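Student: how would this look folded up:
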Amino acid sequence: MYNSTMLKLSDYLSQLKGVGPALVSKLEKFGIKTIKDLLWHFPFRYEDFSQVSKISDLKIGETATVQGVISDIKLKKTWKRKMFIVEALISDETGSIRAVWFNQRFLLSILKKGRLVNLAGKVTEASKGGIRLTHPVYELVSAQTVADDASTNVESLRESSLKHTGRLASIYPETKKLTSKTFRFLIKPILDNLEKIEDPVPPEILNQYNFPEINEALYKVHFPGTLQEARLAKKRFAFEDLLLLRLVNLRQRLKLSRQKTYSFEMDVEYVKSLFAYLPFELTQSQKKGLLEILKDLAKPQPMNRLLQGDVGSGKTIVAALAALVAAKGNKQSAFMAPTEILTRQHYQTFKKFFSNFDKGVGLIVSKEARIFYGGGLENDIKKSELLKKISGGEIKIVFGTHALIQKNVGFNNLALVVIDEQHRFGVKQRAELLKNKESNIPHFLSMSATPIPRTLTLTIFGDLDLSIIDELPKGRKKIITKIVAPANREKAYDFIRGQIKKGRQIFVICPRIEPASQTEYQFQEVLEVRAVKQEYEKLAKKIFPDLKVAMLHGKMKVKEKTEVMNNFKNGEIDILVSTSVVEVGVDIPNATIMMIEGSERFGLAQLYQFRGRVGRGEYQSFCFLFTDSSSKITSKRLNFLLEAKNGFELAEKDLIIRGPGEFLGQSQTGRPDLAMKAIQNPELIKLSQEAAKIILKEDEKLEKHSLLDKRLEEFEKEIHLE
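Tutor: Residues are numbered from 1 along each chain as shown. Below you'll find the predicted structure:
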């Protein structure tokens, strides 16, 4: 099928003879451009077509493979439905069966009378009695035809190179126009003509854990003899990805340990004096996290720590105290957040609790710059002026979004970088902050309100030390959570009206839209905005026409969003209808009800985040999970939210239900699919961590493992660590 020369992984599929532009275009929609892309498009399951059944033994309802000669084939047309039907009669030594295909006229030129063929599919009852195979997978066993007198030896025509039938058949992620059969058809000759791949995993490691080498594993992933072979081959590739992840993490740690940074004396009395500014007492886990951070800041090597805690657990205060320690040492800190709403929230929180701080606090977002000098001294300022003050070292603490890593933002002595919602920032973006640094690089403190299971944290963020805040501030009331079925919707509306009469406010979150196609996926945000607008119209005009209802979504301009949030915060809006844009960064103490439409469409961790947006004040708060689903699975899933003691317990459940890729957001992690799925396999993680330590202990710079070193460089680029 392909060129006679040996193929390379780097070859583009468009260069292969027999692969036309139309097929290339379809493959590119899967992100498949090169031979490597195609070969690493692994099957997600296997159909067992290995047992060839006798036609006389077939039973209705079973999936089976039969082998026989085509004794008759013809085309029919149904006038009512304007459909073409190809009908073939296949016979073996025990009997005959009809096979039908709909709207596949081209089969007449392939399935010729007298050909020996394998058919694999479901056995169904024919309309006029008897049995038939409906839309079976077909495969010619031989290009020869079998003589009418059947004197030809059928056994001698059977070939060992079957791709689709008579074996385990690989089933791939596919579309109507790009089926698993097409993938098998493309992959088999490539594997047969591929030059030998050099294995990046050292042979002694493969032998120690009984994994196949890369060429054998690649063949057995796509064309296994048994399910056990397929599982072991996939496990080998997952192990490789986990090993690379671990090596990346360990090398990052090693590299960081050799860097120099600013260090700060641990002045316990000064830190205690800062506590006096707070109108509440820090929790034990806040104090523990702060102590771990202060110990890191006292070291001459840069900190690289992840501070995890539930929504409202007080991570920002802990980070702010660390920034104040840096400011006392006359050094600068930068707070980065993924959204302008969250950035402003952090800025306002700092001003509220440390209103006497007089060493300069700056806010810089896309179209706004502000400066605060304590004691109520706050001004709008030209962005260019603020940048001058930052580069001159006048501003000690700066709050910003991605705007902080623009080329024209320069710091004088940046000592601490705090990054909120750490998994929403690519490592490449964080690396921008380290550019053009002379001798000292800053300490890094990442924060995340997404509760991530420890196993996942150690694998994905294995280069980070971990601090966990696992308790809420004292006096915080437990949020009452209810699942609301359609029959109880009116009662819930009545309750909401009663809360608003008491002066409370309401969040309404509209469902995440699950796109039905690739085309719709591109317009997902548009669909979600439409859902918000529809819900807003319903609530504002039909349900609560006498109340003040507003909406918020990602398509609004920054100024509009800010105005809506300020109005909501100031009590001028009773009900705010929103997309998941409020998932992070909104702190409205007077909001006591979180109402979530289509709650079954969100992940548990995200629902947990939404719920944490209420219950921030003195009043009893509620979370209503509206669902139209009567599914027992949905009910069980949503009940996890009611039963979980904390976000980490819930995250473990969410990880099992949705898998790591969906849990974190695949595009946000940049991690390969196999490694993400393997994170649910603690044994494999342990093996990969052991192997990484063994390799680096003997060969820290990987000088003796050049293939592994080269693959590691490629891998770092793949996961956006360039």
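Student: OK, contacts around the nearest residue to residue 642 once chain neighbours are set aside?
Tutor: Leaving aside its sequence neighbours, residue 642 sits nearest to residue 481 (CB to CB, 6 or more residues apart in numbering; 5.2 Å). Backbone N, C-alpha and C define where each C-beta goes, glycine included. Contacts for residue 481 (CB atoms under 8 Å, 6 or more residues apart in numbering) come out as 611, 622-625, 641-642.
Student: wait, is residue 481 part of a strand?
Tutor: Yes. Looking at residue 481 with DSSP: H, G, I helix; E, B strand; the rest coil, it is inside a strand.
Student: quick one: strands adjacent to the longest strand along the chain?
Tutor: In the chain, assigned by DSSP state E, the strand with the most residues is strand 63-78. Within its sheet, strand 63-78 is paired with strand 52-53 (parallel), strand 83-92 (antiparallel), strand 115-125 (antiparallel), according to DSSP bridges.
Student: could the ones you listed be laid out in JSON lines, adding mean pLDDT and distance to residue 345?
Tutor: Output for the strands paired with strand 63-78, formatted as JSON lines (pLDDT from 0 to 100; distance: least, CB to CB, whole Å):
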{"stretch": "strand 52-53", "mean pLDDT": "82", "distance to residue 345": "65"}
{"stretch": "strand 83-92", "mean pLDDT": "85", "distance to residue 345": "59"}
{"stretch": "strand 115-125", "mean pLDDT": "85", "distance to residue 345": "56"}
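Student: what residues are bridge-paired with the residue nearest to residue 642?
Tutor: Applying DSSP bridges, one finds that residue 481 bridges with residue 623.
Student: ok, the contacts of residue 481 vs residue 168, which is closest?
Tutor: residue 641 (39.7 Å; CB to CB).
Student: and that closest one, what does it touch?
Tutor: Residue 641 makes contact with 481, 604, 607-608, 611, 625, 650 under the criterion CB under 8 Å, 6+ apart.
Student: and what about it, helix, strand or coil?
Tutor: helix.
Student: how close does it get to residue 606?
Tutor: 11 Å (CB to CB, to the nearest Å).
Student: ok, now residue 546?
Tutor: Taking CB to CB, one finds residue 546 at 32 Å from residue 606.
Student: what of residue 92?
Tutor: In terms of CB to CB, residue 92 sits 55 Å off from residue 606.
Student: residue 444 too?
Tutor: 26 Å.
Student: out of the two, which sits in the more crowded spot?
Tutor: With neighbours defined as other CB atoms under 10 Å, residue 444 and residue 606 compare such that residue 444 has more, 23 against 19.
Student: Three-state assignment for the more buried one, please.
Tutor: Applying three-state DSSP: residue 444 is strand.
Student: so it is in contact with residue 304, correct?
Tutor: Yes. The criterion here is CB atoms under 8 Å, and residue 444 meets it with residue 304 at 5.0 Å.
Student: count the neighbours of residue 418 for me.
Tutor: 27.
Student: scratch that, residue 78 is what I was asking about
Tutor: Residue 78 has 10 neighbours, counted by other CB under 10 Å.
Student: quick check on the residue nearest to residue 302 when sequence neighbours are not counted: phi, psi?
Tutor: Nearest non-adjacent residue to residue 302, counting by CB to CB, 6+ apart: residue 261, 4.1 Å away. Residue 261 adopts backbone torsions of phi -150, psi 180, taken as degrees, to the nearest 10.
Student: quick one: contacts for residue 261?
Tutor: Residue 261 neighbours (CB under 8 Å, 6+ apart): 300-303, 415, 440-443.
Student: which among those gets closest to residue 373?
Tutor: Closest approach between the contacts of residue 261 and residue 373, by CB to CB: residue 415, at 20.1 Å.
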